[in-house]
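*Asks:* here's a sequence, model it:
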Amino acid sequence: MKFTRRDFIKNTTVVCAATGIAELAAFPPAAAAVESPRMETLTEWLNADGETRKRGLDRCLQRIKELEPTIHAWVQVQPERPTADGPLSEIPFGVKDIIETQGMATEYGSPLYKGRLGSADAAIIREMRSRGAILLGKTVTTAFAYRTPGPTRNPRNLEHTPGGSSSGSAAAVAAGMVPFTIGEQTRGSMIRPASYCGVTGFKPTYDLLPTEGMLPVSKSLDTLGLFTHTPADMLALWKALGHPTGSEEQFAFGSPEPIPDCEPEMANAFRQALSLLRRSGVRISTLDISDMLKKLDEANEVESDRGENWLVARLHHGKEGIGRAVRFAQPRRGIGEARCRVRSALRSARVGAHWVYRSYGTGQGLRRTG
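*Replies:* Purely as a prediction, here's the structure:
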């Protein structure tokens, strides 16, 4: 039987049996639940006063209690206080479970590391907490941020995948459990779940957000990213992190012609999206990216081999060995052969390094992809 997110919210009963969520039972019911409307978007949180934000945390925890038993977005929920005040004061966030968090589950989405706790906060966690944000917990990832999916379901349609590898981060935002989350992308692990779950995913320029303390897959491509509800939320978050948001520009959208091989339903949806954009006054320029895709395919094979070799090597070192490797792994400044190929292909197609994806559909992605 199919359940939409709306059906589930209307009919679900409060159950708290999921592993890592049981400790939520210790939190008292939100006393202010009836007194003030629930905040969902980051913009709503940023516009709220301090007291409203504090009450909002209880609402997030209550929301997780209600929806988590079916969506499975979280590995562990354990609110950690910020280390300072700042623009994100009292605003909760979740983080993908390949990023080190002190005293909190850091299991890389693999049963091999079940029960492993992080021994230090990663650089991005320290930055968020120094700006006043509350670390709410760890979100589900595919195993080692690779291909084996976790239990997370798509909040828009529980029979569909949320996409991977940043599955739980996207699903938690889509379900209204938290206003923003941190994910990671090597190839499509940010923009794919953003598309499937119908939220905004942002993969910044490589190495713009610090990756120290993150499990690497391909050091020359791994990039931290962010999930919010809307593009306006994302701009506000980016500004709160101290980055420039730029100014309004007039530009054309690029569209591949011919459309790369894909299922007929996807091709039709893509054409409909183009028609909608044109009717809205957006200028679209067509590009033949066939050669670029071939080059990216070749580079992908190289990077996949490197990632697999790294994971195999780490498995021989045990839990503490992989923890040390992650904690002290620093991003490589050198550009390997594969990254050169990727950059060359992107330059030839005049594609920029910043990527923002906003889905306007229902997020009903494929049923089985990780």
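*Asks:* C-alpha from now on. contacts and neighbour counts both.
*Replies:* Noted.
*Asks:* how about G150, secondary structure?
*Replies:* The three-state assignment at G150 reads coil, by DSSP: H, G, I helix; E, B strand; the rest coil.
*Asks:* if you could redo that for D291, that was the one I meant.
*Replies:* Following three-state DSSP, the label given to D291 is helix.
*Asks:* what about it, distance to K114?
*Replies:* Distance, D291 to K114, by C-alpha to C-alpha, to the nearest Å: 43 Å.
*Asks:* could you do A232 as well?
*Replies:* Relative to K114, and taking C-alpha to C-alpha, A232 is found at 37 Å.
*Asks:* go on, E68?
*Replies:* Counting by C-alpha to C-alpha, the gap from E68 to K114 is 19 Å.
*Asks:* over to Q76?
*Replies:* In terms of C-alpha to C-alpha, Q76 sits 12 Å off from K114.
*Asks:* quick check: V95 is in a strand.
*Replies:* Yes. Read with three-state DSSP, V95 is one of the residues of a strand.
*Asks:* tally of neighbours for it?
*Replies:* 27 (other C-alpha atoms under 10 Å).
*Asks:* nearest spatial neighbour of I124, chain-adjacent residues omitted?
*Replies:* P210 (5.9 Å; C-alpha to C-alpha, 6 or more residues apart in numbering).
*Asks:* correct me, but the one you found touches E127?
*Replies:* No. At 9.2 Å, P210 does not count as touching E127 under the criterion of C-alpha atoms under 8 Å.
*Asks:* more neighbours: E68 and K114, which one.
*Replies:* E68 (23 against 13).
*Asks:* immediately after the helix or strand containing that one, which helix or strand?
*Replies:* Using DSSP states H and E, E68 sits within helix 50-71. For helix 50-71, the following helix or strand on the C-terminal side (DSSP H and E) is strand 74-80.
*Asks:* quick one: list the elements packing against that next one.
*Replies:* strand 134-139 (3 or more C-alpha pairs under 8 Å, 6 or more residues apart in numbering; DSSP states H and E).
*Asks:* name the helices or strands packed onto the strand it packs on?
*Replies:* strand 74-80, strand 92-96, helix 123-130, helix 167-174.
*Asks:* can we see that at 6 Å?
*Replies:* Secondary-structure packing of strand 134-139 (3 or more C-alpha pairs under 6 Å, 6 or more residues apart in numbering; DSSP states H and E): strand 74-80, strand 92-96.
*Asks:* would JSON lines of those with distance to T205 and mean pLDDT be doable?
*Replies:* JSON lines is the format used below for these (distance: least, C-alpha to C-alpha, whole Å; pLDDT from 0 to 100):
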{"stretch": "strand 74-80", "distance to T205": "27", "mean pLDDT": "97"}
{"stretch": "strand 92-96", "distance to T205": "19", "mean pLDDT": "98"}
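*Asks:* mind checking which of those is nearest L46?
*Replies:* For L46, the closest of those is strand 92-96, at 11.4 Å, according to C-alpha to C-alpha.
*Asks:* same for that closest one, what does it pack against?
*Replies:* Using 3+ C-alpha pairs under 6 Å, 6+ apart: strand 92-96 touches strand 134-139, strand 180-185.
*Asks:* try it again at 7 Å.
*Replies:* Under the contact criterion of 3 or more C-alpha pairs under 7 Å, 6 or more residues apart in numbering; DSSP states H and E, strand 92-96 touches strand 134-139, helix 167-174, strand 180-185.
*Asks:* the longest one: how far from the chain's middle?
*Replies:* The one in question is helix 167-174. Computed by C-alpha atoms, centre = their mean, to the nearest Å, the separation of helix 167-174 from the middle of its chain amounts to 7 Å.
*Asks:* likewise for the first one?
*Replies:* Relative to its chain's centre, strand 134-139 lies at 13 Å (C-alpha atoms, centre = their mean).
*Asks:* which residues does it contact?
*Replies:* Applying C-alpha atoms under 7 Å, 6 or more residues apart in numbering, the contact partners of strand 134-139 are 73-82, 90-97, 168-169.
*Asks:* what's the angle from it to strand 180-185?
*Replies:* 40 degrees (axes from the mean of the first three to the mean of the last three C-alpha atoms, to 10 degrees).
*Asks:* neighbouring strands - and their directions - for strand 134-139?
*Replies:* strand 74-80 (antiparallel), strand 92-96 (parallel) (DSSP bridges).
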